[in-house]
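Colleague: sharing a model prediction with you, sequence too.
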Amino acid sequence: MQETGREVVIVSARAPHWLREIAADLGLDGYALCCNGAVVYDLAAARPVRHHPLAPEIAGRVVRALREAAPGVAFACERESIAIREPGYVPLWAFPDMHPRTDALEFVREPVSKLVVQHPELSQVELYELAVRLCGEEATVTYSGKQLVEISAAGVTKAFALAGLCEELGVEQADVLAFGDMPNDVPMLAWAGRGVAVANAHPDALAVADEITASNDEDGVALVLERL
């Protein structure tokens, strides 16, 4: 794709340290939009060029409100170069950079790219709806992986970051092709000139997509790229 003059951009809920190896495997050295759009990362320079963090005062209010409304809730956060979690937070996968014992009210004293929350009893949808109600317009709430709810600064989404990057690169919205599969992809799929969801995507992503391709196991993204 890059050889044809197209800009290929990774847009992910993951932080930069999760994406460097993936980008290298793909031979990409442009930009990655990380933490659901909170971090714009220059892969070639190996550094963030823009950061839209969740402010400490807002993150602190969110932590307190969720603890009061849903006792047992546990938090983690992503920063530009490290992930941190509370002792009660159960990682979905092992990752050596996760600090094992820091209270959320301690790690949100500094801006965080993304606040992540889980609960041992509430379903993901129940926790998501509670977080949306408690955050109001102060923060953006979404989810991608299992059991997790993700909270970013107000207005920060994949679409927000992609629109800003396209403006800088001189790429028209109508010329953007985006692929996605989960609720955190919905704003981006709706914004892009053509939004494509894989067949096994979340219903919210399927609902806004301009096109539905085959599932990820059936190489749905590759089928669209080869056709184009």
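Modeller: Right, received. Where do you want to start? Numbers count the residues shown, from 1 in each chain.

Colleague: off-centre distance for stretch 87-94?
Modeller: Chain-centre distance of stretch 87-94: 18 Å, with CA atoms, centre = their mean, to the nearest Å.

Colleague: I should have written stretch 33-40 there, sorry.
Modeller: Between the centre of stretch 33-40 and the centre of its chain there are 7 Å (CA atoms, centre = their mean).

Colleague: could I have the helix or strand hosting A159 exported to PDB, CA atoms only?
Modeller: With secondary structure defined by DSSP states H and E, A159 is part of helix 158-169. These are the backbone C-alpha positions of helix 158-169, laid out as PDB (Å, rounded to 0.1, in the frame of the first residue of the first chain):
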ATOM      1  CA  LYS A 158     -10.200   7.300  16.900                       C
ATOM      2  CA  ALA A 159     -12.100   9.600  14.500                       C
ATOM      3  CA  PHE A 160     -10.900  12.700  16.300                       C
ATOM      4  CA  ALA A 161      -7.300  11.700  15.900                       C
ATOM      5  CA  LEU A 162      -7.600  10.400  12.400                       C
ATOM      6  CA  ALA A 163      -9.400  13.600  11.200                       C
ATOM      7  CA  GLY A 164      -6.600  15.700  12.700                       C
ATOM      8  CA  LEU A 165      -3.900  13.600  11.000                       C
ATOM      9  CA  CYS A 166      -5.600  13.700   7.700                       C
ATOM     10  CA  GLU A 167      -5.900  17.400   7.800                       C
ATOM     11  CA  GLU A 168      -2.100  17.700   8.400                       C
ATOM     12  CA  LEU A 169      -1.300  15.200   5.600                       C
END
